[in-house]
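In: Sequence plus predicted model, see below.
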2 protein chains.
Amino acid sequence: MQLLDGKLVAQAVKNELKAKTEALKAQGKKTPHLAAILIGHDGASETYVASKVKTCAEIGFQSTLIRFEADIGEQTLLQKIKELNEDENVDGILVQLPLPRHIHEEKVINTIAAHKDVDGFHPANIGKMIQGQPAYIPATPFGILLLLRHYKIETKGLHAVVIGRSNIVGRPISILLSQNTPTGNCTVTLCHSHTRNLKDLCLQADIIVAALGKPEFLTADMVKEGAIVIDVGITRVEDKTKKKGYALKGDVQFETVAPKCSYITPVPGGVGAMTIAALMQNTFLAAASGEVRG
Amino acid sequence: MQLLDGKLVAQAVKNELKAKTEALKAQGKKTPHLAAILIGHDGASETYVASKVKTCAEIGFQSTLIRFEADIGEQTLLQKIKELNEDENVDGILVQLPLPRHIHEEKVINTIAAHKDVDGFHPANIGKMIQGQPAYIPATPFGILLLLRHYKIETKGLHAVVIGRSNIVGRPISILLSQNTPTGNCTVTLCHSHTRNLKDLCLQADIIVAALGKPEFLTADMVKEGAIVIDVGITRVEDKTKKKGYALKGDVQFETVAPKCSYITPVPGGVGAMTIAALMQNTFLAAASGEVRG
């Protein structure tokens, strides 16, 4: 069993971006600039945004954090996004999800200019991605592809089972793995809450992507010997033995599943670490050359 | 075995659109107007476009057919599309594919205003469709959904195997069948030329959508008793016993497969007939209320 080490690969991606950013600066070119909008004080969102801002600093990107209280009006938020769309100094814009209930997520995402949508959530980006046109790929699926690429995993002809059909992970990774690309050409089965024989399907899988958000859902009896397991889940589970009072659990029961796998991602230090690296990659691309397919 | 009668259902859709269009006119509202662009003289394209124009007339839509010779310059074509985008009298625009080699298909499709893209090929439409936002669904997949809806087929929890990953049929129908909608909630496996165990997968399927363009590819030994089979293929195969010199063949070997099925579409008179009805539905929606999800 080989660990797909997200921390290691993310560091390699960041080192490369750092070198490229220094080269840009040495040429007198503009520093890539990510603007992040954070609304309210949700603990996980705070952590994610802080980590993105810190990573920008590590790489040498400029970043701007814009904070609003949870009772912000939708119009104020949309107006801010429009300003950032117009601001030539800003290359990438992200709005940390989830949003407060009174704000319409779809409207917010659709307002971000597609060429600055480094999260890859804008419908124009999703549509282009599907058609194989240059596009920002959503950060988590893009991170998974970067991992597969780093470990030179030959995906062609493999049967991938994706569990979870969310717009930000399950759906796009199911599409990307089935496309005619070096990290694609899988036969892909997309499963969800209405899937009847999930265990049988998983047992057929050469690759399983668990992206349903249920801690330790995927157990050893659902996994074929030699499978590649990608764990997208990251849930805080109460754990009084930990200083923070919780442990982070993936969607995979790592201890029992790992011994059967050819490759597996740990949680933490797997897909999560890659997500930020992928976001940085998108931001660099936004600054360097506009839209580029990952 | 029950035939999914595309001719019958298409006629029902067209009758309904005709009544609605008459109602629009009676209210003094604008007649829906489809503009079709045909380039060159390909036999199949001529037939398709003629059929679309004729169907417009049947329903009471206005239609405009714009013809160019195969040596038209790309700029001339793009300019014409931009004019149609601006023309308030035109509700829907379609450019009949395939295009001559010197013209960049992607550029042409991206130039059509998304809100007039009744073929549903524009990336913004594809992206919105995926995110469950109001969008024009590509005509062939939309036609399949209309068929399933008409026959009140309960798709939830069924395992659908889609053969073929084209941007206009296989890919979008694989997405639509897996979405959380009344004609969705299937577990979907998308297969293509790199799929290793296609027969095994097909034998597990409750629904098979054959959309690979190989005449009589799907044979009885690949189909489980009671399956629903949707045949998207339509290929001209030489047949000297026919007046035209060819017969139309689907991707399914109908004679041997049909007896095993609970439902099956014939060719012709199945999905093909529905495609035009779905296009008309999109055109009506474009005229009546802007973008609407089918």
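Out: Sure, I can see it.
In: right, and the helix or strand after the helix or strand containing residue A:255?
Out: Using DSSP states H and E, residue A:255 falls within helix A:254-257. Using DSSP H and E, the helix or strand that follows helix A:254-257 in sequence is strand A:263-264.
In: Tell me the residues of chain A that contact chain B?
Out: Proximity of chain A to chain B (Cβ under 8 Å from any Cβ of the partner chain) is limited to residues A:106, A:122-128, A:130-133, A:156-157, A:159, A:165, A:167, A:171, A:174-175, A:178-180, A:185-192, A:194-197, A:201. Any C-beta I mention is one placed from the backbone N, CA and C, and that applies to glycine too.
In: Return the members of those classed as buried.
Out: By neighbour count, with 16 or more other Cβ atoms under 10 Å in any protein chain shown, these hold A:122-128, A:130-131, A:133, A:159, A:165, A:167, A:171, A:174-175, A:178-179, A:185-192, A:194-195, A:201 as buried.
In: Sort out for me which of these are in strands.
Out: Cross-referencing those against strands under DSSP state E gives A:159, A:187, A:188, A:189, A:190, A:191.
In: tell me the phi and psi of residue A:38?
Out: phi -120, psi 130 (degrees, to the nearest 10).
In: Show me what it bridges to in the sheet.
Out: Applying DSSP bridges to residue A:38 gives these bridge partners: residue A:67.
In: that older thread, so for the helix holding residue A:255, what gets flagged as buried?
Out: So for helix A:254-257, counting by 16+ other Cβ under 10 Å, buried means A:254, A:257.
In: And that helix, what does it pack against?
Out: Judged by 3 or more Cβ pairs under 8 Å, 6 or more residues apart in numbering or on different chains; DSSP states H and E, helix A:254-257 is in contact with no other helix or strand.
In: domains for chain A, by residue range?
Out: A:28-133, A:139-272 (automatic domain parsing).
In: So which residues of chain A form helices?
Out: With helices called from DSSP state H, chain A shows them at A:6-26, A:43-59, A:74-86, A:105-111, A:123-130, A:139-150, A:170-178, A:198-204, A:254-257, A:271-289.
In: Adding distance to residue B:228, write the ones you listed out as JSON lines.
Out: Listed next are the helices of chain A as JSON lines, based on distance: least, Cβ to Cβ, whole Å:
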{"stretch": "helix A:6-26", "distance to residue B:228": "41"}
{"stretch": "helix A:43-59", "distance to residue B:228": "43"}
{"stretch": "helix A:74-86", "distance to residue B:228": "44"}
{"stretch": "helix A:105-111", "distance to residue B:228": "33"}
{"stretch": "helix A:123-130", "distance to residue B:228": "25"}
{"stretch": "helix A:139-150", "distance to residue B:228": "31"}
{"stretch": "helix A:170-178", "distance to residue B:228": "22"}
{"stretch": "helix A:198-204", "distance to residue B:228": "19"}
{"stretch": "helix A:254-257", "distance to residue B:228": "35"}
{"stretch": "helix A:271-289", "distance to residue B:228": "36"}
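In: Turn those helices into a markdown table, columns for mean pLDDT and distance to residue A:99.
Out: Output for the helices of chain A, formatted as a markdown table (pLDDT from 0 to 100; distance: least, Cβ to Cβ, whole Å):
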| stretch | mean pLDDT | distance to residue A:99 |
| --- | --- | --- |
| helix A:6-26 | 96 | 26 |
| helix A:43-59 | 94 | 10 |
| helix A:74-86 | 97 | 8 |
| helix A:105-111 | 95 | 5 |
| helix A:123-130 | 93 | 17 |
| helix A:139-150 | 97 | 17 |
| helix A:170-178 | 97 | 20 |
| helix A:198-204 | 98 | 31 |
| helix A:254-257 | 97 | 32 |
| helix A:271-289 | 93 | 18 |
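In: For residue B:275, find the nearest of those helices.
Out: Closest approach to residue B:275 among those (Cβ to Cβ): helix A:123-130, 20.0 Å.
In: Need the residues that contact the closest one.
Out: A:109-110, A:114, A:117, A:120, A:134-138, A:167, A:172, A:175-176, A:291, A:293, B:122-128, B:130-131, B:133, B:167, B:171 (Cβ atoms under 8 Å, 6 or more residues apart in numbering or on different chains).
In: Can you give the distance of that helix from its chain's centre?
Out: On the basis of Cα atoms, centre = their mean, to the nearest Å, helix A:123-130 is displaced by 16 Å from the centre of the chain it belongs to.
In: for stretch A:74-86, same thing?
Out: For stretch A:74-86 - counting by Cα atoms, centre = their mean - the centre lies 24 Å from the chain centre.
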